[in-house]
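>>> Structure of the sequence below:
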Amino acid sequence: MIIRLRSRDGLERVEVSDDSTVEDLRDSIHSQLGVPLDEMHLSQDAKLLTSRDPSTFIDLSNLSADLKSLKLAHGSMVYLWYLGTRDVPSATPKRNALATRPFGAKLTLNDVMARQTKIERQVKPTVEAVSFDSEAAGQFQLYLQSVTKFRVKRGGILYGTYDEENSTVNVEFIYEPPQSASPTRLNLEPNPKEGQEVDFLAQLLGLRKVGLIFSYASGQSQEWIADTHELLLMAKVQSEVGPFGVTATVAWVEEPPSEEGGKPNCYVHFEAFQCSKQCVDLFNKGWLRPRRRGESAKDEEGSGRISGGSDESKGNGSSSQVGSSSNSSKINDSNNNTNSSNGNGNNSASSNSSNSKDDQMDSDGITRLVNPEDPKNPTPAMLNSKDVGEVDNDFFLCPIAIRNHKGLLISSFPVENRLTSQSKSDLRDHLRRQGKKPYVERISDLHLLLWLSKQATLDANDMALLCDAVRYGRTVLEGYRAIIDSIAGL
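Okay, here's the model as predicted:
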């Protein structure tokens, strides 16, 4: 049978025969656990472990007594006292940091609070501003206006550079991976091979992944900046990119007419944010979860939820209509000469029909906090001196200013993974539209370079030479001009 032994160092087990005596039990403890016989004291009374004089516990002092006569059976608990300490492996995993304290150690309120996760607002973002290439931003928002008409959400990955001296992220290119979306949910479904090619071409051009962009669907009333699924995506991208990672949001705004009978004032509205460092850290540790469907937020005066929204986190000072020099002006559609019908891709406007477990969670502006080491604790964190289990997503967001600039690249070639597939005729039309420019400027479009990289006549070495010419403004070799024109049918 198995006898459980509780000492000051933990819980252990020894195996003895059914007809064993107290002496047999002591011998088994000595042989199996290495506790010296002359230092060993046993009792069925838990007070033995805190006693100053263990010799006063004599219920198991009769060495010849049969264990059954002492009502000890399989699984019974016996308390073991000995001098010194031993390293005893935990029989059960420690639920939290408090459970790892030494036996008998006293805890003060300060000790408890110091070991509890505190949710804190990050007042200042890591970067001061994000600057968008006007054509890249214009092409993205024009597709939302002209094709999807903001009926569903759409997202993209931002590529650019980080100006450490000015603490500014410069976005030069927006890659739109395969995706499915609905008015309430955005699901990026990246193609790993295409994603690696984008990273390769961006690196050749001196660019790198710097963040995320996604749009809201019009007609969807919401009081939050990002729902939990979007917050998790923001944190994931920022974790991959680094501390300068940013997220931009795009919305269709309809302001009521200034006078009766007038037309509403409509425009595309950009905002930019960073997740707080703590948000990214909690995401990496698995703390952030969507709420279960039908689960309502607890009263703010109770222990469940603390509202984190504020005027600062809701974008004051960070909003912009990219494409002009003023943060209060609208996007200038003339920045982009692309016909919206040239967009391409497969399923951006389709409804998300996934039946995954994640789809059984609400998409709202409240994130559930779950401590992976103690998942049954309903209020695992502290915010504003209150135990909480939910936090408003806005609490994790830091608004940043938006600027615009004219970058090295153009954005005239149709974008990948839209409703209409890219084709050789698109290349021909693009080269003709840009015909008055030097050849290197005509191909200075990362969407075009990505499409060319998929053609059988050009390999990685060829793309490296083309990107080198684009990056440094060098003349494109005559052989490559002939190949590209041949692909286009010129």
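
>>> how would you label residue 24: helix, strand or coil?
Following DSSP: H, G, I helix; E, B strand; the rest coil, residue 24 is assigned to helix.

>>> so what's the spatially closest residue to it that is not a sequence neighbour scoring on pLDDT?
Distance criterion C-beta to C-beta, 6 or more residues apart in numbering; nearest residue to residue 24, sequence neighbours excluded, is residue 16 at 5.8 Å. In this view, the C-beta of every residue, glycine as well, is placed from N, C-alpha and C. Listed pLDDT for residue 16 reads 91.

>>> these two touch, right, residue 16 and residue 25?
Yes. Residue 16 lies in contact with residue 25 (C-beta atoms under 8 Å); the separation is 5.7 Å.

>>> Show me whatever sits in contact with both of these two.
3, 67 (C-beta atoms under 8 Å, 6 or more residues apart in numbering).

>>> which one of these two has more residues nearby?
Neighbour count, other C-beta atoms under 10 Å: between residue 16 and residue 25, residue 25 has more, with 23 against 19.

>>> wait, isn't that one in contact with residue 40?
No. With contact defined as C-beta under 8 Å, residue 25 does not count as touching residue 40 (9.9 Å).

>>> At which residues are the strands of the stretch 201-350 of the chain located?
According to DSSP state E, counting those that start in this stretch, the stretch 201-350 of the chain carries its strands in the segments 208-215, 246-255, 265-275, 288-289, 305-306.

>>> and if you look at the stretch 1-150 of the chain?
Listed in chain order, the strands of the stretch 1-150 of the chain (DSSP E, counting those that start in this stretch) span 2-7, 10-15, 41-43, 77-81, 117-118, 129-133.

>>> Show me which residues of the first one are buried.
This means strand 2-7. Across strand 2-7, burial judged by 16 or more other C-beta atoms under 10 Å covers 3-7.

>>> Of these, which is the nearest to residue 486?
Comparing the buried residues of strand 2-7 against residue 486 with C-beta to C-beta places residue 4 closest, at 80.7 Å.

>>> Now residue 188. Nearest residue, chain neighbours left out?
Per C-beta to C-beta, 6+ apart, closest to residue 188 is residue 179, 5.0 Å.

>>> That neighbour touches residue 152, doesn't it?
No. Counting by C-beta under 8 Å, residue 179 sits too far from residue 152 to count as a contact (9.7 Å).

>>> What is the burial count for the closest residue to residue 133 other than its chain neighbours?
Excluding the flanking residues, the one nearest residue 133 by C-beta to C-beta, 6+ apart is residue 407, at 3.9 Å. Per other C-beta under 10 Å, the neighbour tally for residue 407 reads 21.

>>> was I right about residue 407 contacting residue 161?
No. Applying C-beta under 8 Å as the test, residue 407 and residue 161 come out as separate, 9.4 Å apart.

>>> Tell me how far stretch 443-454 lies from the chain's centre.
29 Å (C-alpha atoms, centre = their mean, to the nearest Å).

>>> Name the residues of that stretch that are buried.
Going by neighbour count (16+ other C-beta under 10 Å), the buried part of stretch 443-454 is 443-453.

>>> Next secondary structure after the lowest-mean-pLDDT helix or strand in the chain?
Lowest on mean pLDDT, DSSP states H and E among the helices and strands of the chain sits strand 305-306, with a mean of 47. Scanning forward in sequence from strand 305-306 by DSSP states H and E, the next helix or strand is strand 366-369.

>>> Name the surrounding residues that touch that next one.
Contacts of strand 366-369 from elsewhere in the structure, counted by C-beta under 8 Å, 6+ apart, are 119, 224, 228, 231, 282, 287-292, 295, 297, 305, 380-381, 388-393, 396.

>>> swap in stretch 63-73?
For stretch 63-73, contacts defined as C-beta under 8 Å, 6+ apart pick out 1, 3, 16, 18-26, 44, 59-60, 78.

>>> hmm, 7 Å instead?
The contact list for stretch 63-73 (C-beta atoms under 7 Å, 6 or more residues apart in numbering) reads 1, 3, 20-23, 25, 60.

>>> Which parts of that stretch count as buried, going by neighbours?
Result for stretch 63-73 [16+ other C-beta under 10 Å]: buried residues 65, 67, 70, 72.

>>> circling back: please pick the buried ones from the contacts of strand 366-369.
Among those, those classed as buried by 16+ other C-beta under 10 Å are 119, 224, 228, 231, 282, 287-291, 297, 305, 380-381, 388-393, 396.

>>> give me the number of residues near the nearest residue in space to residue 241 that is not next to it in sequence?
In space, and not counting its chain neighbours, residue 241 is closest to residue 209: 5.5 Å by C-beta to C-beta, 6+ apart. By other C-beta under 10 Å, the residues close to residue 209 number 20.
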